[in-house]
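Student: Please find the sequence and the predicted model below.
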Amino acid sequence: MTATPARAAASVISVSDGQISAKGTAVTGTYTVTCTFFDENININMELRQVTGKTVNTSSFSDSFLCEGYVGRVYTRTYRFEAFTGRSTIFVQGGATVTGNAQGFICCFYNVNEPINKEIRLFR
């Protein structure tokens, strides 16, 4: 008996560059997902990481939504990373990395996690 190949989860096809807030405490942008199945529940978990000198700024973002319409539908959603309260570090212009995963849930099982690993630029 041959094992059935795992079905791919929703695919994150792009993550835009980020717009830094006036105080540098938040970054916003968009990410684009292609749905694998109709009525697939999508869970997105991402982390933004930026190294500036000896400082590492990190923040996380999560989102969930339902794919509706048809297989292969493309959704563009907004992300917002915020610096943790009380930290003295802020996001600055330059390179950053977004990592994480996209996970699809259909009926009674989770699909394979789709890893996210995108280099982006942060701008004011």
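Tutor: Structure received. Numbers count the residues shown, from 1 in each chain.

Student: Dig out what residue 95 forms beta bridges with.
Tutor: residue 121 (DSSP bridges).

Student: Please apply the same query to residue 29.
Tutor: residue 79.

Student: Isn't it up against residue 14?
Tutor: No - Residue 29 sits out of contact with residue 14 when judged by Cβ atoms under 8 Å, with a separation of 10.1 Å. C-beta here means a position set from N, CA and C on the backbone, and glycine is covered the same way.

Student: Quick check, pLDDT for residue 5.
Tutor: Looking at residue 5, its pLDDT reads 40.

Student: that older thread, between residue 29 and residue 14, which has more neighbouring residues?
Tutor: With neighbours defined as other Cβ atoms under 10 Å, residue 29 and residue 14 compare such that residue 29 has more, 19 against 13.

Student: Now do the same contact list for the more buried one.
Tutor: 15-19, 78-79, 120 (Cβ atoms under 8 Å, 6 or more residues apart in numbering).

Student: how about those residues, which pair is most distant?
Tutor: 78 and 120 (14.2 Å; Cβ to Cβ).

Student: When the two are compared, which one has more neighbours?
Tutor: residue 120 (19 against 11).

Student: Quick check: chain neighbours aside, which residue is closest to the more buried one?
Tutor: Nearest non-adjacent residue to residue 120, counting by Cβ to Cβ, 6 or more residues apart in numbering: residue 17, 5.0 Å away.

Student: Hmm, that neighbour is touching residue 121, no?
Tutor: Yes - the criterion here is Cβ under 8 Å, and residue 17 meets it with residue 121 at 4.5 Å.
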